[in-house]
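K.L.:
coords please:
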Amino acid sequence: MSTSKDGPPQLPDHLRPGYERLRAGAAEILPESSLAEKLQLADQEGRPLRVKLGIDPSGAELTIGHAVVLRKLRQFQDLGHLAVLIVGEFTGMVGDPSGRSATRVQQTAEQTAANAATYFDQVMRILDPDRVEIRRNSEWLASMNLADVVRETSVLTVAKLLERDDFAKRYAAHQPISLSEFLYPFLQGYDSVAVQADIEVGGTDQTYNLLVGRDLQRAHGQPQQAVLTVPLLEGLDGVQKMGKSLNNYVAITEPAAEQFGKLMSIPDSLVVRYATLATDLRPDELAEIGAAVAAGGSGAGTAKRRVAAEIVRLYHGTAGATEAEVGFDRRFREREVPTDVPEFGLPGDDPAHLPALLRAAGLAASASEARRAITAGSVRLNGDRVDAAVLDLPRAELAGRVLQLGKRKAVRLVG
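P.N.:
Numbers count the residues shown, from 1 in each chain. Below is the predicted model:
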């Protein structure tokens, strides 16, 4: 297979559409030509690729952030390949250190098993259950003895482990790194050996662990897996990675109305990113949304509404998305909450002082005027009158909401 100087590898015509679909929205493909090579090899051998995804059952609720990689896995299934879903019952007890600034609290086997039990129903809302092989990595990791671990880990070096950004930062800051955390990349990588993965998918925070899988496969004389990573989706605040602990998430099992309302609160700067990573919109449709957001005004609001409806439709169907949108409009009309308003970035203070915030956003001429408006009941947050006794609110309760003074002055708070 040849590679063009200005583009992707030269593939047979019947494989190119699938390759382009898989590449769309991916952060990296490592090595660059490996995905095309795997697709062509599978086509020549007349077999499906074994595409691995590991799930660390550290929580019980999946978000649309988790769904980014699951939907990429579904694309492989739609092309006829097999999803090999690794439920990390064993690795879940160690805890993935990726992106952590401190040692992660280890979970018990009972906790990881309980969390994993809830995952299957949620995951199968996205994946095709007829093309899934579900494995628990306790099958091969729990039976390893110390001699096995010593032999297998000889492939890795401490120097290479310290190349990881999170480990490097903690080491430089003299913060503890447990030996079990050093073992985590090996444990995840060995999963690839056990299931003989052709491809592994994961978030960009997993890149190092996925590459360790290639090293271990080579040591075992197996063909090395291709690695495909997807970007991490920011939460509703537009800053931090989506997560329950930050209360900036949309769960895939939430009611349609809740999903739509939350999605309508994202800052305009995230609309294209959500459209790209969390919907099935075509490239030309994504371009339309990008142009509308860039133009601003009512067009940006319409684009956000379309993206919200597309995401809700994935989990609740067309009827559910339509009902959620109608209900959203009805609630906002009844509460007189404007939807087409400018955005204002929240200052860094947490909690935020409302009189100062009203003045900074240009809704009041001074903090004293703002205080009088709050006392008079003229200030609303998403249509709800602000309690005159509450002048300070946490940023988490303000981000994405409409702050309004009277009927004509309003901003949507972001950040």
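K.L.:
which other helices and strands does the top helix by length along the chain contact?
P.N.:
Taking residue count as the measure and DSSP state H as the definition, the longest helix of the chain comes out as helix 298-335. With contacts taken as 3 or more Cβ pairs under 8 Å, 6 or more residues apart in numbering; DSSP states H and E, helix 298-335 sits against helix 256-263, helix 271-278, helix 283-295. Bear in mind the C-beta positions are built from the backbone N, C-alpha and C, glycine included.
K.L.:
angle of that helix against helix 283-295?
P.N.:
For helix 298-335 and helix 283-295, the angle between their directions (axes from the mean of the first three to the mean of the last three Cα atoms, to 10 degrees) works out to 70 degrees.
K.L.:
so what strands line up beside the helix or strand following helix 298-335?
P.N.:
Using DSSP states H and E, the helix or strand that follows helix 298-335 in sequence is strand 343-345. Strand 343-345 sits in its sheet next to strand 409-414 (parallel), going by DSSP bridges.
K.L.:
where do the strands sit along the protein?
P.N.:
Shown for the chain, the strands assigned by DSSP state E span residues 28-30, 50-55, 82-87, 132-136, 199-203, 226-230, 343-345, 352-353, 379-381, 384-385, 392-393, 402-405, 409-414.
K.L.:
residue 137 contacts residue 85, correct?
P.N.:
No - proximity of residue 137 to residue 85 does not meet the contact threshold set by Cβ atoms under 8 Å, at 10.9 Å.
K.L.:
so how far is residue 205 from residue 178?
P.N.:
Residue 178 sits 19 Å away from residue 205, taking Cβ to Cβ, to the nearest Å as the criterion.
K.L.:
likewise for residue 67?
P.N.:
To residue 205, residue 67 is 16 Å away according to Cβ to Cβ.
K.L.:
which residue, other than its chain neighbours, is closest to the residue nearest the centre of the chain?
P.N.:
Among the residues of the chain, residue 65 comes closest to the average C-alpha position under Cα atoms, centre = their mean, at 2.4 Å. Taking Cβ to Cβ, 6 or more residues apart in numbering as the measure, residue 65 lies nearest to residue 242, with 3.5 Å between them; neighbours along the chain are not counted.
K.L.:
what residues are up against that neighbour?
P.N.:
63-65, 232-236, 248-250 (Cβ atoms under 8 Å, 6 or more residues apart in numbering).
K.L.:
one more time with 6 Å, if that's ok
P.N.:
Contacts of residue 242 were listed using Cβ atoms under 6 Å, 6 or more residues apart in numbering, and they are 63, 65, 233, 235, 249.
K.L.:
pLDDT and distance to residue 16 for those residues - can I get that in JSON lines?
P.N.:
Conversion of the contacts of residue 242 to JSON lines gives the following (pLDDT from 0 to 100; distance: Cβ to Cβ, whole Å):
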{"residue": "63", "pLDDT": "91", "distance to residue 16": "33"}
{"residue": "65", "pLDDT": "92", "distance to residue 16": "30"}
{"residue": "233", "pLDDT": "93", "distance to residue 16": "28"}
{"residue": "235", "pLDDT": "88", "distance to residue 16": "35"}
{"residue": "249", "pLDDT": "88", "distance to residue 16": "36"}
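K.L.:
now for those, which pair is the farthest apart?
P.N.:
233 and 249 (9.5 Å; Cβ to Cβ).
K.L.:
buried residues of stretch 299-309, list them for me.
P.N.:
Across stretch 299-309, burial judged by 16 or more other Cβ atoms under 10 Å covers 299-301, 303-309.
K.L.:
which one is residue 253 nearest to, not counting chain neighbours?
P.N.:
Across the structure, with Cβ to Cβ, 6+ apart as the measure, the residue nearest residue 253 apart from its sequence neighbours is residue 122 (6.1 Å).
K.L.:
now do residue 322
P.N.:
Computed as Cβ to Cβ, 6+ apart, the closest residue to residue 322 that is not its neighbour in sequence is residue 309, at 7.6 Å.
K.L.:
present the helices and strands packed on helix 298-335 as JSON lines; the columns should include mean pLDDT and distance to residue 319.
P.N.:
As requested, the helices and strands packed on helix 298-335 are arranged in JSON lines below (pLDDT from 0 to 100; distance: least, Cβ to Cβ, whole Å):
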{"stretch": "helix 256-263", "mean pLDDT": "91", "distance to residue 319": "9"}
{"stretch": "helix 271-278", "mean pLDDT": "94", "distance to residue 319": "20"}
{"stretch": "helix 283-295", "mean pLDDT": "93", "distance to residue 319": "21"}
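K.L.:
among those, which comes closest to residue 378?
P.N.:
Ranking the helices and strands packed on helix 298-335 by distance to residue 378, with Cβ to Cβ as the measure, places helix 256-263 first at 24.0 Å.
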